[in-house]
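A.B. asks: coords below, sequence missing:
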DNA sequence: TTGTAGGCGTTATCAA
DNA sequence: TTGATAACGCCTACAA
């Protein structure tokens, strides 16, 4: 029998451990067990209509042959498990795990699965990942910095939700962060406490069009604060950047009484620099961060910060996916940071 | 034409946004474009043998129909993209993102994808996830607490790598952590610095058979330290647990000069309690943590800790997958924590 | 350049 | 209880 020989050939190659070994299929198991492939399927899937004895025998053979069902063949036949692709810039930055947790929770609630990939902060990888991951999933949730036009050739029709990108979109679903409102809340807090000489530590944003700095300066003008652009220092988005920026501010304006930081990471750096310089926080100088990372809570003093519910952000993203899969392009979802007053103001 | 009508029916349902809408296939596009499904395939996959004009027309139709290739059908025919399932107890605990980063990096290097799920520290979910995720992937990397025997019915033949479970295995691949060696290194460090009255904050381990405590007491005995089991306090694995434990130790043994903590989290809690109690660290009491979380570096003083390279742990896990996919059950990979002396000793 | 036939591994349906 | 046959959506090979 030709079929018989062919199967033997396969086994032969398999036992050589060759990489090209053909996969063991239901039919292979069936042949080896002397039943039809259908019976094997019943045994594997614990369907009722099968003799317990046959079942046991078949499962035995299957195990011996190291049979594993093909997820592709299964997916082809069954109602698919929805799989969402998730692209983040960096898994280790504590901002993103919280966001991911929200995505996982919301996905899990719907019985969906999540395929995760990290761009490692590479703008190029961002594009290639959109393409490669996009082919493998039913929808994509992604932190992206590129504008729509540059994204378009890579998206290839996958329903896409872009999170916290500074740009609007008429093509893709969005989850936005009301950064300007956050900055205003933080500034109002400082001003309410009597601060007027407020410095700002800014960073080069990836695509965000300087919302923080612009809002900062707007608020300063509205309240006629005695400050100009020399009170804004731009540094790396890192601990060291934050520390350097604080030193620069402190040197240029020794009389400053408060600092608004681009995010918690640089705020922590600033806190360190302050300690080194003998500047007491908050007595000599108040400090406000941005993001609400949970680590800020471990610090001494704990950081006053604009807390963004990153978990909720992830849930919102999945909710946008819901609507995309239902065939609609939903309006952007917006999340506003909430001021969390703790020890540094 | 029946075929034609059927296609219209599908579209009709689609535009109602029905969940049950049939998926748009190559053949649908072919029909709408008046070509064979084969021609559509060529257009979609940018094969050479096609008239540019036809190609453009077909792609147009495909876009209009929102056609998306089925990843399952493709996977069935093409060499598969390897997908690794990753099960962690908790994404937000800073321990795991670092581990995940290692898995991602190693997977990416091999062109593999990673499907992530979290058990949310539920032992039951652990089992169901092993089963459900296991059906969707080529191999599984997982933090698991169950012993092999309980796992077995859920694994169903997926190559499985278990990470940092206290138990050995003859069935599954392992990545182990040399916890005892770590504890010894930490204790040796304290003893070298002249400490003899050392307390320990322990926690209920999930499956780990009390390695830390046992090793701690062994070392104490070997060096004839003047301590007994009353120097070990068991508390919750949390900030508050750590704080409570430190207070308990300090109350019971006011003369202690050092504390060895179950992990960094409880160590940070202890650090807070110490500050509240007016105990200066490290002058009055030294403190050693375990894990080497990157946040311990932001603290003041930064924590002396047994640093485990969690990224490397993830890479090792993927390497174990490599070998499982090649058909071998590799011996356990072992990683030893490294003492990182910083501000608290 | 385009179309037809067959198969990938699985499950569902229906007949034996 | 079991088995034959036909999908599922795509791709490769070959024929037109």
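C.D. replies: Looks like it came in fine. Everything numeric here is computed off the predicted structure, so don't read it as measured data.
A.B. asks: how about the contacts made by residue A:74?
C.D. replies: Taking Cβ atoms under 8 Å, 6 or more residues apart in numbering or on different chains, we find residue A:74 in contact with B:72, B:135. Every C-beta, even on glycine, is put in place using the N, C-alpha and C of the backbone.
A.B. asks: that one and residue A:26: what is the separation?
C.D. replies: Going from residue A:74 to residue A:26 by Cβ to Cβ, to the nearest Å gives 11 Å.
A.B. asks: backbone phi and psi for the residue nearest to the spatial centre of chain A, please?
C.D. replies: For chain A, the residue sitting closest to the mean C-alpha position, by Cα atoms, centre = their mean, is residue A:88 at 4.0 Å. With angles defined as degrees, to the nearest 10, residue A:88 sits at phi -120, psi 160.
A.B. asks: wait, residue A:324 touches residue A:141, no?
C.D. replies: No. The criterion here is Cβ atoms under 8 Å, and residue A:324 misses it with residue A:141 at 10.0 Å.
A.B. asks: show me the common contact partners of those two, please.
C.D. replies: By Cβ under 8 Å, 6+ apart, the residues touching both residue A:324 and residue A:141 are A:160, A:161.
A.B. asks: okay, those two: which has more neighbours?
C.D. replies: residue A:141 (30 against 20; other Cβ atoms under 10 Å in any protein chain shown).
A.B. asks: tell me the contacts of that one?
C.D. replies: A:84-87, A:103, A:160-161, A:163, A:314, A:317-318, A:320-321.
A.B. asks: narrow these to those in helices?
C.D. replies: Those of those mapping onto helices are A:103, A:314, A:317, A:318, A:320, A:321, per DSSP state H.
A.B. asks: the fourth one: how many residues sit nearby?
C.D. replies: Read that as residue A:318. By other Cβ under 10 Å, the burial measure for residue A:318, its neighbour count, is 25.
A.B. asks: with the second one instead?
C.D. replies: For residue A:314, the tally of surrounding residues (other Cβ under 10 Å) stands at 26.
A.B. asks: and for the residue of the stretch 101-250 of chain A found nearest DNA strand D, the neighbour number?
C.D. replies: Going by Cβ to the nearest atom of the strand, DNA strand D is nearest to residue A:135 of the stretch 101-250 of chain A, at 9.7 Å. Residues within reach of residue A:135, counting by other Cβ under 10 Å, total 15.
A.B. asks: kindly report the same for the one 3 residues further on.
C.D. replies: Summarising burial for residue A:138: neighbours were counted as other Cβ under 10 Å, giving 21.
A.B. asks: for the stretch 201-345 of chain A, what spans make up the strands?
C.D. replies: A:232-235, A:258-261, A:286-291, A:304-307, A:333-335, A:338-340 (DSSP state E, counting those that start in this stretch).
A.B. asks: and those strands, which is most packed in?
C.D. replies: strand A:258-261 (a mean of 29; mean count of other Cβ atoms under 10 Å in any protein chain shown).
A.B. asks: residues in contact with that strand?
C.D. replies: A:183, A:186-187, A:190, A:195, A:197-201, A:216, A:242, A:246, A:249, A:267, A:270, A:285-290, A:345.
A.B. asks: direction included, what does it pair against?
C.D. replies: Strands that pair with strand A:258-261, judged by DSSP bridges, come out as strand A:198-203 (parallel), strand A:286-291 (parallel).
A.B. asks: using CSV, please lay out the ones you listed together with mean pLDDT.
C.D. replies: Converted to CSV, the strands paired with strand A:258-261 look like this (pLDDT from 0 to 100):
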stretch, mean pLDDT
strand A:198-203, 97
strand A:286-291, 97
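A.B. asks: let me know how buried the closest residue to DNA strand D within the stretch 201-345 of chain A is, in neighbour terms.
C.D. replies: Closest contact between the stretch 201-345 of chain A and DNA strand D, by Cβ to the nearest atom of the strand, is at residue A:325 (16.0 Å). Residues lying near residue A:325 (other Cβ under 10 Å) number 17.
A.B. asks: go on, residue A:255?
C.D. replies: Residue A:255 has 7 nearby residues by other Cβ under 10 Å.
A.B. asks: correct me, but the residue of the stretch 101-250 of chain A closest to DNA strand D touches residue A:157?
C.D. replies: No. Between residue A:135 and residue A:157 there is no contact under Cβ under 8 Å: 10.0 Å.
A.B. asks: now whichever residue of the stretch 151-300 of chain A sits closest to DNA strand C: closest residue in space that isn't a chain neighbour?
C.D. replies: Per Cβ to the nearest atom of the strand, the residue of the stretch 151-300 of chain A with the smallest distance to DNA strand C is residue A:156, at 21.1 Å. Excluding the flanking residues, the one nearest residue A:156 by Cβ to Cβ, 6 or more residues apart in numbering or on different chains is residue A:134, at 5.9 Å.
A.B. asks: ok so, going back, right, and the strands paired with strand A:258-261 - which one's nearest residue B:47?
C.D. replies: The minimum distance between residue B:47 and the strands paired with strand A:258-261 falls on strand A:198-203, with 46.1 Å, by Cβ to Cβ.
A.B. asks: what's in contact with the closest one?
C.D. replies: Contacts of strand A:198-203 (Cβ under 8 Å, 6+ apart): A:187, A:190-191, A:210, A:212-213, A:216, A:220, A:225, A:227, A:231-237, A:241-242, A:245-246, A:249, A:253, A:256-263, A:266-267, A:270.
A.B. asks: so what's the residue count around the residue nearest to residue A:167 when sequence neighbours are not counted?
C.D. replies: Spatially, and ignoring its direct neighbours in sequence, residue A:167 is nearest to residue A:147 (5.5 Å; Cβ to Cβ, 6+ apart). When neighbours are defined as other Cβ under 10 Å, residue A:147 has 14 of them.
A.B. asks: now residue A:180
C.D. replies: So residue A:180, with other Cβ under 10 Å, has 16 neighbours.
A.B. asks: residues touching it, list them.
C.D. replies: A:211, A:214, A:215.
A.B. asks: now the buried members of those residues.
C.D. replies: A:211, A:215 (16 or more other Cβ atoms under 10 Å in any protein chain shown).
A.B. asks: ok so, going back, and the pLDDT at the residue of the stretch 151-300 of chain A closest to DNA strand C?
C.D. replies: Here, the pLDDT recorded for residue A:156 equals 85.
A.B. asks: likewise residue A:9?
C.D. replies: 37.
A.B. asks: same question, residue A:20
C.D. replies: So, for residue A:20, pLDDT stands at 43.
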